[in-house]
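Enquirer: Please work out how this folds:
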Amino acid sequence: MTYLVNGLYIVAFAMFIYGLMGLTGPKTAVRGNLIAAVGMFIAVVATLISVRHTSNWILIIAGLVVGIALGVPPAKFTKMTAMPQLVAAFNGVGGGTVALIAWSEFINSQGFSRFDEEPTVHIVVGSLFAAIIGSVSFWGSLIAFGKLQEILPGRPIGLGKLQQPLNLLLLLGAIAAAVVIGVGATNDGVSQLWMIAVLVLAGVLGLAVVLPIGGADMPVVISLLNALTGLSAAAAGLALNNTAMIVAGMIVGASGTILTNLMAKAMNRSIPAIVAGGFGGGGTAPGAGGDGEAKQAKATSAADAAIQMAYANQVIVVPGYGMAVAQAQHAVKEMAALLEAKGVEVKYAIHPVAGRMPGHMNVLLAEAEVSYDALKEMDDINGEFSRTDVALVIGANDVTNPAAREDSSSPIYGMPVLNVDQAKNVIVLKRSMNSGFAGIDNPLFYADHTSMLFGDAKKSVGAVTEELKAL
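Expert: From the prediction side, this is the model:
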């Protein structure tokens, strides 16, 4: 039976890796996700076979039923605008589960003191590592969810200069409690209290680390927490001698770490700087110019926007979170089709951190069946803005802010942005002049060659589309 279980695990791991390869592009992402899901089903079946002699089948079945009942409806019915929140919530559930597994094993073994044989180092260290990292991931993901859902303010919430010393004390406290448990210096009853101390200190650390991080850094934070959840799962698998958890956790941890690094580079920020928090606070006063005088944005109409784009040679669409909120991707696709029918070349400029999670804009546009070839990454499209007649910005704020290049006092100075300001004409679709998720005003909106089309993005694009049909 062991050979059968191991064989099924190998098949599952192969499907995990093959499925992950499919997630590298929109055309293969759905298939890759299905392949990985089948692999996980096989891994679950293999695990159930390995515990066939258990007397807890009722609890196991109940857990599976509850998990399916709680997991399927949100995944099926959550709108694309709320997908970052769903990712944060699911990731938190994973981290919390790992922490509970570590705690449960600790209770069952009565503080590692009553194993059938002396617990090895990898069991003790793996369990305690999983407890700390899993708890940090769970509580940190809750804060990320709250900020994305706007239950909590997107701005940094912290203690200023005292925040990092506090975080360090919490980390050292959790490690110290884990060391006390590991060396077995307490009796069973007291060791349980030390284990609770580990979980509590790690949980408070998760809250303290994510609360001071501004909303603009949330895409990177989600990716980082995802990596931590994977690592904690691998550690728990090591302690439980569960091959499936080890391999799956390492795949998630490694891919999450790589993605986190790529996202940080896209923002020209180091991961320690992001974890240190502070980015995403209040910015300049709305409409403030370099000379301190207030500037006024220039409003336009759907008819004028349609005329500008209809007689352009090239239009670059710059999607942002505003497009996601309005669910305007299908309307944008229809508008682009009309422009292309008039001989206008339409491209889409995708910033790596546009939206609220990695690849947010790619997912939205792929859902609308926009050609993958039309989606251009930042490095590929930035050189074309100076040759572009019209740049249409749909709810993108921070990723189009020229202050990142020009204003050394700006909180986002040095962050790579789309060179939208270099286009001959810029049309910005926004509900209002409110700043973006980072809380920083965008001087692009007050530029002489920029026009603002106010309103819901979907309705605005629809109005432009109707005007294009009339031309």
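
Enquirer: By mean pLDDT, point me to the weakest helix or strand of this structure.
Expert: Across the helices and strands of the chain, mean pLDDT, DSSP states H and E gives its lowest value to helix 271-276, namely a mean of 76.

Enquirer: Which SSE is immediately downstream of it?
Expert: Per DSSP states H and E, helix 271-276 leads on to helix 302-310 as the next helix or strand towards the C-terminus.

Enquirer: Show me where the stretch 351-471 of the chain has its helices.
Expert: 360-367, 378-381, 403-406, 457-470 (DSSP state H, counting those that start in this stretch).

Enquirer: can you pull the contacts of S410?
Expert: G283, N401, A403, A404, I440 (CB atoms under 8 Å, 6 or more residues apart in numbering). Just so you know, the C-beta spots here come from the backbone N, C-alpha and C atoms, and that holds for glycine as well.

Enquirer: how about the residues you listed, which pair is most distant?
Expert: Farthest-apart pair in the contacts of S410 is G283 and A404; separation 11.8 Å (CB to CB).

Enquirer: quick one, phi/psi of Q314?
Expert: phi -140, psi 140 (degrees, to the nearest 10).

Enquirer: In contact with the closest residue to it other than its chain neighbours, which residues are there?
Expert: Among residues not flanking Q314 along the chain, E345 sits closest, at 4.6 Å (CB to CB, 6 or more residues apart in numbering). Counting by CB under 8 Å, 6+ apart, E345 touches N313, Q314, V315.

Enquirer: which of these count as buried?
Expert: Q314, V315 (16 or more other CB atoms under 10 Å).

Enquirer: For the contacts of E345, could you give me TSV that also reports distance to T28 and pLDDT?
Expert: TSV is the format used below for the contacts of E345 (distance: CB to CB, whole Å; pLDDT from 0 to 100):
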residue	distance to T28	pLDDT
N313	33	95
Q314	29	95
V315	28	96
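
Enquirer: ok, the contacts of E345 vs A447, which is closest?
Expert: Nearest to A447, judged by CB to CB, of those is V315 at 17.8 Å.

Enquirer: Quick one: name whatever helix or strand follows the helix or strand where that closest one lies.
Expert: Assigned by DSSP H and E, V315 belongs to strand 314-319. Downstream of strand 314-319, the first helix or strand assigned by DSSP H and E is helix 321-326.

Enquirer: Mind listing residues that contact that following helix?
Expert: With CB under 8 Å, 6+ apart, helix 321-326 has contacts from 80-81, 328-329, 332, 354-356, 360-361, 364, 394-397, 429-431, 436-437, 456-459.

Enquirer: and with 6 Å instead?
Expert: T81, G355, L364, I394, G395, D456, A457, K458 (CB atoms under 6 Å, 6 or more residues apart in numbering).

Enquirer: All the helices of the stretch 1-150 of the chain, in order from the start?
Expert: Secondary structure of the stretch 1-150 of the chain (DSSP H, counting those that start in this stretch): helices at 2-22, 26-50, 57-77, 83-108, 121-148.

Enquirer: okay, the third one in CSV with CA atoms only?
Expert: Only the C-alpha atoms of helix 57-77 are listed here, as CSV (Å, rounded to 0.1, in the frame of the first residue of the first chain):
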residue,chain,number,x,y,z
TRP,A,57,-13.6,9.0,9.3
ILE,A,58,-16.7,10.9,10.4
LEU,A,59,-14.5,13.9,11.3
ILE,A,60,-12.5,13.6,8.1
ILE,A,61,-15.6,13.5,5.9
ALA,A,62,-17.2,16.3,7.9
GLY,A,63,-14.1,18.4,7.3
LEU,A,64,-14.1,17.7,3.6
VAL,A,65,-17.8,18.6,3.3
VAL,A,66,-17.4,21.8,5.3
GLY,A,67,-14.3,22.8,3.3
ILE,A,68,-16.1,22.3,0.0
ALA,A,69,-19.2,24.2,1.3
LEU,A,70,-17.1,27.1,2.4
GLY,A,71,-14.7,27.2,-0.5
VAL,A,72,-16.7,26.6,-3.6
PRO,A,73,-19.3,29.4,-3.4
PRO,A,74,-16.8,32.3,-2.9
ALA,A,75,-14.6,31.0,-5.6
LYS,A,76,-17.5,30.7,-8.0
PHE,A,77,-19.5,33.8,-7.3
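
Enquirer: heads up, I number from 20, so please use that
Expert: All right, first residue 20 from here; so that's helix 76-96.

Enquirer: and that helix, how far from the chain's centre?
Expert: Averaging C-alpha coordinates over helix 76-96 and over its chain gives two centres that are 24 Å apart (CA atoms, centre = their mean, to the nearest Å).

Enquirer: And the first one, by the same measure?
Expert: On the basis of CA atoms, centre = their mean, helix 21-41 sits 26 Å off its chain's mean C-alpha point.

Enquirer: And the second one, by the same measure?
Expert: In terms of CA atoms, centre = their mean, the gap separating the centre of helix 45-69 from the centre of its chain is 22 Å.

Enquirer: What is it packed up against?
Expert: For helix 45-69, the contact count by 3 or more CB pairs under 6 Å, 6 or more residues apart in numbering; DSSP states H and E identifies helix 21-41 as packing neighbours.

Enquirer: export the helix it packs on as CSV, just CAs?
Expert: Only the C-alpha atoms of helix 21-41 are listed here, as CSV (Å, rounded to 0.1, in the frame of the first residue of the first chain):
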residue,chain,number,x,y,z
THR,A,21,2.9,2.3,0.7
TYR,A,22,4.0,2.0,-2.9
LEU,A,23,0.6,2.9,-4.1
VAL,A,24,0.4,6.0,-1.9
ASN,A,25,3.9,7.1,-3.0
GLY,A,26,3.0,6.5,-6.7
LEU,A,27,-0.1,8.7,-6.4
TYR,A,28,1.9,11.4,-4.7
ILE,A,29,4.4,11.4,-7.5
VAL,A,30,1.6,11.7,-10.1
ALA,A,31,0.1,14.6,-8.0
PHE,A,32,3.4,16.4,-7.8
ALA,A,33,4.0,16.1,-11.5
MET,A,34,0.5,17.6,-12.1
PHE,A,35,1.2,20.4,-9.7
ILE,A,36,4.3,21.4,-11.6
TYR,A,37,2.8,21.0,-15.0
GLY,A,38,-0.3,23.0,-13.9
LEU,A,39,2.0,25.7,-12.6
MET,A,40,3.7,25.9,-15.9
GLY,A,41,0.3,26.6,-17.5
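
Enquirer: and that helix with helix 45-69, angle?
Expert: Helix 21-41 runs at 160 degrees relative to helix 45-69, counting by axes from the mean of the first three to the mean of the last three CA atoms, to 10 degrees.

Enquirer: can you list contacts of helix 21-41?
Expert: So helix 21-41 is contacted by 47, 50-51, 54-55, 57-58, 61-62, 65, 68-69, 262-263, 266, 270 (CB under 6 Å, 6+ apart).

Enquirer: How many neighbouring residues does the closest residue in space to V365 that isn't next to it in sequence have?
Expert: Nearest residue to V365, sequence neighbours excluded (CB to CB, 6+ apart): A355, at 4.4 Å. Counted by other CB atoms under 10 Å, the residues lying close to A355 total 24.

Enquirer: Done for today, thanks.
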